[in-house]
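Peer 1: with the input below, show me the fold.
(2 chains)
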Amino acid sequence: MNYLVMEVHPAYAVVLDEEGRFLKAANLRYQVGDRVENIVELRRPQEKRPALWKPLSGLAGLAACLCLVFFGYYQPNFTPYGALRIQINPDVELTLSRTDRVLELEGLNDDGRVLIEGYDYNGKDRKDVTEELVERAIDLGYLSGGETVSITVTSSDTDWQAREEQEAREDLEQRYGETIVIQIGAPSTQPPATEVVIPVTPPASKPDPEPTPGPAVPPADQDDTDYGPGSDGTTGYQDTDYGPEADGITDYEPPDDGAYSDGVTDYEDRDDEQDDDDSDDDDPANEEPDDDDDPEDDVPDDDDDGWDDDGDDQDEDEDD
Amino acid sequence: MVRTEHDIAAQVQAAKTDSEAADALIRQYMGFIRSETVKFIHTAPENGHEDELSIAMLAFYEAVLAYEKNRGAFLPYAARAIKNRLIDHYRTEKRRGNVISLHTPLGGEEDGGELLDTIPDGADHAEEYAVRTADRQEIQEFSEKLARFGLTFSDVADNCPRQERTFAACRRVLDFARSRPELLKRVEDTGKLPMNELAVGSGTDKKTMERHRKYLVAILLAFTNGYEIIRGHLCQIAPAKGGSMK
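Peer 2: Reported below is the predicted structural model:
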C-alpha cells in the first residue's frame, strides 16, 4: 500500500492511504508529497467505554447496605420470632424477636391485662420483662411463696424454642427460685383430660355350622327356608312389615269414618240414646240428631203406661 | 523558573487536542526524547539511527495522547513508552529479515564507497522534481481549502473512522455524493454536509455522519474538481459510477 504524505509535524506525519483513510504515522524524515510504502502508524490510546456500571454502582451499594441493615439489624430485632407465655394466674404473652427483644405484650385474661397495665416494655429484653412481670405479680398479690409460674415458649424454630425455655427458666429460678416454682409447659392445675376406655370385646367367633370341605357351593334356593334353625330371617317376601327387613312403613291408610268422625274413636263416648249421658254432648254433631228425634219421640204421652222415658229424656235435655 | 510536574501535566493536557501545542511540547522536550533514545541505542542517532529517533518522537506523542494525570508523573511514563516502542520497532524490523542498508560500506574500509552508489539511477530527476512540486502544490491547495473550513489534516486524521464498518458507511456516503455532483458542489461552497440528502441517499445513520463530519468533508472535497493527483492516489476507491465497495 502506498501512502501520500499530506502534512508533516515534528513527531508525526499525516498520510493518506489509497482507500481514503487519513492516518498519523511516524515522521521518518518525510516531506509533503512523498509517497511511502511502509509507515509506522500511530497507536492511539484505547478508547475507554463509558462504564455502564458506574451509575448503577451507587445504587447497588445502597441496596447492599439496605439488605445488610434489614437482615443484620431489623429482622433479628424487630420481627416476631416466637412467643413466650407466662401463666401465674394472670396469663400474659410476650412476642419476642430472635434477639430476645420484647416486641409486644398481651394479657390473655383479665388478671393478665391488669398485670401489664401501665407497664412499659419498650426496648427491654425477655429477661428483664419476665423478671419484672413476676415481681409485679408478687406486688399485686397474684403470686406468693410456693406457687407455680409456668412458662411456655412457642416458635417455629424448635432449637430457639428449647433454648429460650431453658434460659427463661434459669433466669427466673436464679432470682425467685427459693420462693416460687418455675415450670415449663402449661400449668397442671387443670385435671388432665381423663381417658375413657371402653372395653370392646371382639365378637365371639361363631363355629361354622357346616365346615364344607369342598368348594363352597352357594346354598340352593329351596334350602333357603324361612323356618327352622338355619333360617336367615329373610323371608324373600317383598314388603312385609315384619321381620328384620321391615321398613316401618305399613302402608295402611287411616280408615275414613265419614264426615262426622273426629277420628278419635272414643269408645267410652257412646252417643246412642240408651246411654245418653251428657258428659260429651258438647259435640254439635251428636246434638243435632237428638233434636230431630225429639219431636217424634215427644208425641203426647197418650198411653197411660206411666212410663215416660221421653219425659225423662226431655227433662234431662232441658236441664242441659 | 522551576518547572513543576503540574506544569507539564497541564501542557500535556493541552497537547492532547491541540496539534500545535503538541508540536511545541515535542520541540521543548527534544532533548529528553533524544537522551531516552541514546539510552537505548547506545550511540548518537546521527550514526544511522535517525529512524529510531523518529520512532521515539512518535512514542512521545503517543504518550502525550494516552497520559492520564491521576495515574502518575508524565516524564517517567513517556520514558517507558519510548523504550517499549523502540523494542517493538526492533522486533518488527528483525522479522523483516535480510535487509541491508543502502549505506552499507562496500568492500574495504578505505574505499569509502557505499552500496547506494552502485545501483544504477535510471530515474529522471528533473521530471521527478516537477512531479514532486506539482504534488506539493496540490496538497498545499487542498490544505488551504480545508483551512478555510477550519480543518487541518491532523483534525481529519483524528476524525477518520477506524472501525471497518464505520469506514464502509463513510464510503457509501462518498459513493452516493459522487453520483450527485450538485451535492459535492454544495460541500465545496459551504463546507457543510447536506446531511439529510446524504443520509437518505446513502442509507447511513445521521449520527455516524455527524461523528465523522470532518473526515467526510475532507474526502468529499478531495473529489471536487482540481485534485487530480490526490484522486489519482486514491486509486482503490472505485470510479464514480462503479459504486463498488471493498
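
Peer 1: and the nearest residue to A:Arg113 once chain neighbours are set aside, what pLDDT?
Peer 2: Excluding the flanking residues, the one nearest A:Arg113 by C-beta to C-beta, 6 or more residues apart in numbering or on different chains is A:Gly107, at 3.4 Å. Placement of C-beta: from N, CA and C, glycine included. A:Gly107 carries a pLDDT value of 88.

Peer 1: surely A:Gly107 touches A:Leu94?
Peer 2: No. Judged on C-beta atoms under 8 Å, A:Gly107 makes no contact with A:Leu94 at a distance of 10.8 Å.

Peer 1: any idea what the residue nearest to A:Arg113 is bridged to?
Peer 2: Note on A:Gly107: beta-bridge partners A:Val92, judged by DSSP bridges.

Peer 1: separation between it and A:Asp171?
Peer 2: 21 Å (C-beta to C-beta, to the nearest Å).

Peer 1: which helix runs longest in chain B?
Peer 2: helix B:125-148 (DSSP state H).

Peer 1: quick one: average confidence on that one?
Peer 2: 89.

Peer 1: again with stretch A:130-142
Peer 2: The model assigns stretch A:130-142 a mean pLDDT of 86.

Peer 1: which residues are in contact with it?
Peer 2: Contacts to stretch A:130-142, defined as C-beta atoms under 8 Å, 6 or more residues apart in numbering or on different chains, come from residues A:84, A:86, A:88-90, A:92, A:94, A:111, A:114-116, A:119, A:124, A:143-144, A:149, A:151, A:168, A:171-172, A:175-176, A:180.

Peer 1: same deal with stretch B:88-95?
Peer 2: A:Val40, B:Asp51, B:Glu52, B:Ile55, B:Val99.

Peer 1: now do the buried residues in that stretch.
Peer 2: B:His89 (16 or more other C-beta atoms under 10 Å in any protein chain shown).

Peer 1: pull the CA atoms of it into PDB?
Peer 2: Extracted in PDB, the C-alpha atoms of stretch B:88-95 (Å, rounded to 0.1, in the frame of the first residue of the first chain):
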ATOM      1  CA  ASP B  88       8.700  -3.100  19.300                       C
ATOM      2  CA  HIS B  89      10.300  -1.400  16.400                       C
ATOM      3  CA  TYR B  90      13.300  -3.600  16.600                       C
ATOM      4  CA  ARG B  91      11.300  -6.700  16.700                       C
ATOM      5  CA  THR B  92       9.300  -5.800  13.600                       C
ATOM      6  CA  GLU B  93      12.500  -4.900  11.800                       C
ATOM      7  CA  LYS B  94      14.000  -8.200  12.700                       C
ATOM      8  CA  ARG B  95      11.000 -10.000  11.400                       C
END
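
Peer 1: how far out from the middle of the chain is it?
Peer 2: Its chain's C-alpha centre and that of stretch B:88-95 lie 21 Å apart, by C-alpha atoms, centre = their mean, to the nearest Å.

Peer 1: so, low pLDDT: which residues of the stretch 51-200 of chain A?
Peer 2: Within the stretch 51-200 of chain A, the stretches with pLDDT under 70 are A:187-200.

Peer 1: strands along chain A, start to end?
Peer 2: Assigned by DSSP state E, chain A shows strands spanning A:3-8, A:12-17, A:22-26, A:35-36, A:80-87, A:91-97, A:102-107, A:148-155, A:181-184.

Peer 1: ranking these by burial, who's on top?
Peer 2: For the strands of chain A, the largest average neighbour count (mean count of other C-beta atoms under 10 Å in any protein chain shown) is found in strand A:12-17, namely a mean of 26.

Peer 1: quick one: which two of the contacts of stretch B:88-95 are the most distant?
Peer 2: The most widely separated members of the contacts of stretch B:88-95, counting by C-beta to C-beta, are B:Ile55 and B:Val99 (16.1 Å).

Peer 1: which one of those two has more residues nearby?
Peer 2: B:Ile55 (23 against 7; other C-beta atoms under 10 Å in any protein chain shown).

Peer 1: so the more buried one sits against B:Lys83, correct?
Peer 2: No. Shown here, B:Ile55 and B:Lys83 do not form a contact pair, counting by C-beta under 8 Å, at 10.9 Å.

Peer 1: now the residue nearest the centre of chain B: which helix or strand?
Peer 2: Centroid-nearest residue in chain B, with C-alpha atoms, centre = their mean: B:Ala157, separated by 6.6 Å. If you go by DSSP states H and E, B:Ala157 is part of helix B:153-159.

Peer 1: what helices or strands is that helix leaning on?
Peer 2: Helix B:153-159 sits against strand A:3-8, strand A:12-17, strand A:22-26, helix B:125-148, helix B:213-222, with contacts defined as 3 or more C-beta pairs under 8 Å, 6 or more residues apart in numbering or on different chains; DSSP states H and E.

Peer 1: parallel or antiparallel, list what pairs with the first one.
Peer 2: Sheet pairing for strand A:3-8, assigned by DSSP bridges, gives strand A:12-17 (antiparallel), strand A:35-36 (antiparallel).

Peer 1: among those strands, which gets the worst mean confidence?
Peer 2: Across the strands paired with strand A:3-8, strand A:35-36 gives the lowest mean pLDDT, at a mean of 88.

Peer 1: in the stretch 51-200 of chain A, which residue sits closest to chain B?
Peer 2: Distances between the stretch 51-200 of chain A and chain B by C-beta to the nearest C-beta are smallest at A:Ala51, namely 14.7 Å.

Peer 1: how deep is that residue tucked in, by neighbour count?
Peer 2: A:Ala51, neighbours per other C-beta under 10 Å, totals 9.

Peer 1: OK, contacts around B:Leu58?
Peer 2: The contact partners of B:Leu58, by C-beta under 8 Å, 6+ apart, come to A:Ala11, A:Tyr12, A:Ala25, A:Ala26, A:Asn27, A:Val40, A:Leu42, B:Arg85.

Peer 1: three-state assignment of it?
Peer 2: Following DSSP: H, G, I helix; E, B strand; the rest coil, B:Leu58 is assigned to helix.

Peer 1: so B:Thr204 sits in a strand?
Peer 2: No. Using three-state DSSP, the secondary structure at B:Thr204 is coil, not a strand.

Peer 1: which ones are touching the nearest residue to it once chain neighbours are set aside?
Peer 2: Spatial nearest neighbour of B:Thr204, chain neighbours left out: B:Ala169 (4.7 Å); criterion: C-beta to C-beta, 6+ apart. By C-beta under 8 Å, 6+ apart, the residues touching B:Ala169 are B:Pro161, B:Ser202, B:Thr204, B:Asp205, B:Thr208.

Peer 1: mind putting those into TSV with neighbour count, pLDDT and distance to A:Asp139?
Peer 2: Shown next, in TSV, are those (neighbours: other C-beta atoms under 10 Å in any protein chain shown; pLDDT from 0 to 100; distance: C-beta to C-beta, whole Å):
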residue	neighbour count	pLDDT	distance to A:Asp139
B:Pro161	18	92	90
B:Ser202	19	88	95
B:Thr204	22	88	91
B:Asp205	12	88	85
B:Thr208	17	90	86
